[in-house]
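Student: I'd like to go over a predicted model; first the sequence, then the structure.
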Amino acid sequence: MKGSLTILCCFILGVFAGLFFELPAFATESDLSLWVLYALIFFVGIGIGGDTTTFSVLKKSNVRIFIIPAAVIVGSLAGAAGVSIFLPDVSMKDAMAIGSGLGYYSLSSIYITEMRGEVLGTIALLSNIMREIFTLLAAPLLVAWFGRTAPIASAGATAMDTTLPIITINSGKEFSIIALFSGVVLTIAVPILVTFILT
Amino acid sequence: MVEILVIMAVGMLIGYLLSEKKALFAVIDRIVMAVIFLLLFVLGISVGLNETVVESFHIIGVKALVLTAGAVAGSVLCCGLAWRLFFSDTTEASIHEEMGEGVPHEG
């Protein structure tokens, strides 16, 4: 929990920095977060590659492993469509498009902004950022209440990069390769799903 | 997205080649946490700088929260159900095997 609170503090500090300080150009260019993400993926990759036991889990899991990302997609779309009943000015179709972002906020918000305009794009951005932050903060609770696959489902596409370390710590190293696999499949699925739902 | 997969594959290859050096991976874990902190800070900056998000946060924020709750709850329940239906027996056994624990089955 200490790590999650530090993460939240870093985010809040960032928001205040963006709101109130004149930041040097390199900090405000959107490319920076992309490069930081690349660095993160690189180091996460080293950690996975060096852990020889994770690969044997993948070998034993076979084709069934596709069931996990498939269940995450079905559950996310059904859940988002279900709660759209409470949001009279968000159609079920738009709600499903936001749900199909699967935590991949940068890509899904750009796609949805282009296809449905600024407001829905911003809702998609916030919703999918919340999904990632919620997973980072609540991973221990998710495991305790809903089992060790719960943070993998909650993480969605981010299970391959930003939330992978948190999932590994809370679900166990055995689940990290399932999380990675699910995250990769869902990351590829996001642009396909968003386009399919909105056209 | 291709570059993300390539970067990860390169990292995994390097990690695989260095897998004998156990002390290195404690350092890697610390680097990963530090980079996550940095990423969340940068994410915060982009939210703080986005005027559309800041000005209408209270309106669209609630909508986003409701949709997030629905999507997260749906995926967690659906995934948990799928795990119970398709995985429970075999993977529990293989995980215990993996951890090197003798599983004393009764009966």
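Tutor: Looks like it arrived, so ask away.
Student: residues in contact with residue A:20?
Tutor: If a contact means C-beta atoms under 8 Å, 6 or more residues apart in numbering or on different chains, then residue A:20 has residue B:48 as its contacts. The C-beta positions use only the backbone N, C-alpha and C, and glycine is treated the same way.
Student: got the domain ranges for chain B?
Tutor: When chain B is parsed with automatic domain parsing, its domains come out as B:1-50, B:56-99.
Student: do the last one and chain A meet?
Tutor: So that's domain B:56-99. Yes - if you take C-beta under 8 Å from any C-beta of the partner chain as the test, domain B:56-99 does meet chain A, through B:56-57, B:60-61, B:63-83, B:86-87, B:90-91, B:94-95, B:98-99.
Student: center of chain B - which residue?
Tutor: Nearest residue to the geometric centre of chain B (C-alpha atoms, centre = their mean): residue B:36, 11.5 Å.
Student: look at that residue and give its secondary structure.
Tutor: Here residue B:36 is recorded as helix under DSSP: H, G, I helix; E, B strand; the rest coil.
Student: hmm, it is touching residue A:40, no?
Tutor: Yes - between residue B:36 and residue A:40 there is a contact under C-beta atoms under 8 Å: 6.7 Å.
Student: can you pull the pLDDT of the residue nearest to the centre of chain B?
Tutor: Here, the pLDDT recorded for residue B:36 equals 75.
Student: residues contacting it?
Tutor: Per C-beta under 8 Å, 6+ apart, neighbours of residue B:36: A:7, A:40, A:136, A:162, A:165.
Student: from these, which are also near chain B?
Tutor: Applying C-beta under 8 Å from any C-beta to the contacts of residue B:36, those adjacent to chain B are A:7, A:40, A:136, A:162, A:165.
Student: which of these scores worst on pLDDT?
Tutor: Least confident entry in these, by pLDDT: residue A:7, with 70.
Student: now do the contacts for that residue.
Tutor: A:133, A:136, A:137, B:36, B:37, B:40.
Student: shaky segments in the chain?
Tutor: In the absence of a named chain, chain A is used. A:1-5, A:8, A:25-31, A:33, A:52-61 (pLDDT under 70).
Student: nope, chain B please
Tutor: B:1-2, B:4-5, B:89-107.
Student: that one: helices as residue ranges?
Tutor: In chain B, the segments counted as helices under DSSP state H are B:2-17, B:22-49, B:51-55, B:57-86, B:88-98.
Student: what's the most buried one of the ones you listed?
Tutor: Comparing the helices of chain B by mean neighbour count (mean count of other C-beta atoms under 10 Å in any protein chain shown), helix B:57-86 comes out on top with a mean of 20.
Student: got the angle for it vs helix B:22-49?
Tutor: 140 degrees (axes from the mean of the first three to the mean of the last three C-alpha atoms, to 10 degrees).
Student: neighbour-wise, which of the ones next to chain B among the contacts of residue B:36 leads?
Tutor: Among the ones next to chain B among the contacts of residue B:36, the one with the most neighbours (other C-beta atoms under 10 Å in any protein chain shown) is residue A:162, at 26 neighbours.
Student: so that one, which state does it fall into?
Tutor: Judged by three-state DSSP, the three-state class of residue A:162 is coil.
Student: that older thread, need the residues touching each of residue B:36 and residue A:40.
Tutor: Counting by C-beta under 8 Å, 6+ apart, the residues touching both residue B:36 and residue A:40 are residue A:162.
Student: now for the longest helix seen in chain A, which elements pack on it?
Tutor: Taking DSSP H as the criterion, chain A has its longest helix at helix A:118-146. Secondary-structure packing of helix A:118-146 (3 or more C-beta pairs under 8 Å, 6 or more residues apart in numbering or on different chains; DSSP states H and E): helix A:2-20, helix A:92-99, helix A:105-116, helix A:150-155, helix A:164-171, helix B:22-49, helix B:51-55, helix B:57-86.
Student: now the helices of chain B in a markdown table, with distance to residue A:105?
Tutor: Converted to a markdown table, the helices of chain B look like this (distance: least, C-beta to C-beta, whole Å):
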| stretch | distance to residue A:105 |
| --- | --- |
| helix B:2-17 | 15 |
| helix B:22-49 | 9 |
| helix B:51-55 | 11 |
| helix B:57-86 | 10 |
| helix B:88-98 | 31 |
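Student: of all those, which one is nearest residue A:71?
Tutor: Closest approach to residue A:71 among those (C-beta to C-beta): helix B:57-86, 3.8 Å.
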